[in-house]
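predicted model follows, preceded by the sequence.
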Amino acid sequence: MNAIIDTNIIIDAITAREPFREKSQDIIRSVSKREFRGAITASTITDIYYITNKHFKDRDKAIKEIKKIFFLFDVITVTKEDCIKALETKIKDYEDSLLFICASKWNADFIITRNAPDFSNPAIPAISPEDFLVKLCT
C-alpha cells in the first residue's frame, strides 16, 4: 500500500503538536516498520524545514529531522507540468491540488491528511491518520 503524507502530519509528529501528535507519530512509525510505503513531495521539504527550525529554534535539530524524513519516505519530484496540472483540478487549495497531482503520479492509494474534506477528487481517497491506521490494521 502506498500513501502520500500531507505536510501537516509530518509537522504534527516532529513538533509533537497536540492533539495530533500521537496519531501522526503512529503514521511515521508505521512507515519506519514498512507497514506501508510513505511519500512526501519535494515541495513540502522547505515547509517542514522552515516550521521545525522555527519551532525548535535550532537549525541542527531541524536538519536532523529532515534527514530522518529522507531516510523514511520517498520524495516525489514536483515538476513545472505538475504545477500547471494542479491549477486545473477542482481542488480549491493549490497546495492540496499539487499534493493530489503528485499522489496520482506516484500511484498512491491514499492521501493522509488532517483536512480530508478539502480534497474533492475521489480518484485517490484523502483520509485522516486515525482512519488510515484503522484501515492498515484490517
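Everything's here; your move. Residues are numbered from 1 along each chain as shown.

tell me the pLDDT of Ile63.
Ile63 is assigned 96 on the pLDDT scale.

burial of it, as a residue count?
13 (other CB atoms under 10 Å). C-beta here means a position set from N, CA and C on the backbone, and glycine is covered the same way.

in this protein, where is pLDDT below threshold?
121 (pLDDT under 70).

just the strands in it please.
For the chain, the strands defined by DSSP state E cover 2-5, 37-41, 74-76, 110-112, 126-127.

could I get the ones you listed in CSV, plus columns for distance to Ile63?
As requested, the strands of the chain are arranged in CSV below (distance: least, CB to CB, whole Å):
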stretch, distance to Ile63
strand 2-5, 20
strand 37-41, 16
strand 74-76, 16
strand 110-112, 24
strand 126-127, 30
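
ok, which of these comes nearest Ala62?
strand 37-41 (15.4 Å; CB to CB).

and the closest one, what's buried?
Going by neighbour count (16 or more other CB atoms under 10 Å), the buried part of strand 37-41 is Gly38, Ala39, Ile40, Thr41.
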